[in-house]
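A.B. asks: attaching a predicted model along with its sequence, questions to come.
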Amino acid sequence: MSRIEWGEELSVGVDKIDRQHMFLIATYNRLHEMLETEEVPATTQTIVRSMQWYTKQHFEEEEALMTEVGFPDVDLHRREHKRIMASVRTLFHQYEVGESPNPIQVLNLLRQWLVNHINTFDRRLAKFVDGEAGRAQIRLSNQATRSQ
């Protein structure tokens with residue numbers, strides 16, 4: 001399994017969401033580096049804790065954006081968020097009961113989310129947001145032209 005490099009192919013074109021994705025990719029890469037240097041057990045727990053908190057925050061912000069712009073696939077996207085959060089909670093629960101989740105499992109979850117979720121669900125949202133922004137700009141321009 002390789003590191004994830006941030007690039008235009010992962011950008012959804014919404015700055016706030018892109019910055020959050022960059023943070024999560026950095027988290028993934030940090031865990032990946034630790035696996036290579038075998039500094040895993042204690043740090044994996046810290047990463048899973050921060051991942052749980054940050055994921056929840058990120059999804060809440062994405063869902064607020066979806067509601068704000070009237071995104072038609074909001075229910076499907078929310079179900080995907082719930083599925084990912086359930087996986088993150090499962091990993092976190094392992095720590096709560098004294099088990100240590102397999103770092104490879106943590107990496108796989110992060111990679112699946114970051115690459116697959118961004119390239120499918122988040123890209124659709126960004127395309128819709130971009131289209132809505134373009135339509136809003138046209139409406140404003142038309143209103144300004146009519147009032148002249």
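C.D. replies: Noted; the coordinates are in hand. Given the structure is predicted, the values throughout are model-derived calculations rather than measurements.
A.B. asks: secondary structure element for L109, which one?
C.D. replies: For L109, the host element (DSSP states H and E) is helix 103-111.
A.B. asks: in stretch 88-100, what counts as buried?
C.D. replies: Across stretch 88-100, burial judged by 16 or more other Cβ atoms under 10 Å covers V88, L91, F92, Q94, Y95. For every residue, glycine as well, the C-beta is placed using N, CA and C.
A.B. asks: how far off centre is it?
C.D. replies: 21 Å (Cα atoms, centre = their mean, to the nearest Å).
A.B. asks: who touches that stretch?
C.D. replies: P41, T44, Q45, V48, R49, M51, Q52, T55, P101, Q105, V106, L109 (Cβ atoms under 8 Å, 6 or more residues apart in numbering).
A.B. asks: could I have that stretch exported to PDB, CA atoms only?
C.D. replies: Extracted C-alpha coordinates of stretch 88-100, given in PDB (Å, rounded to 0.1, in the frame of the first residue of the first chain):
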ATOM      1  CA  VAL A  88     -14.500   4.500  12.300                       C
ATOM      2  CA  ARG A  89     -16.600   3.900  15.500                       C
ATOM      3  CA  THR A  90     -15.800   0.200  15.300                       C
ATOM      4  CA  LEU A  91     -12.100   0.900  15.200                       C
ATOM      5  CA  PHE A  92     -12.400   3.400  18.100                       C
ATOM      6  CA  HIS A  93     -14.500   0.900  20.100                       C
ATOM      7  CA  GLN A  94     -11.600  -1.700  19.800                       C
ATOM      8  CA  TYR A  95      -9.500   0.800  21.700                       C
ATOM      9  CA  GLU A  96     -12.100   1.400  24.300                       C
ATOM     10  CA  VAL A  97     -12.300  -2.300  25.100                       C
ATOM     11  CA  GLY A  98      -8.500  -2.700  25.200                       C
ATOM     12  CA  GLU A  99      -7.900  -4.100  21.800                       C
ATOM     13  CA  SER A 100      -5.600  -2.600  19.300                       C
END
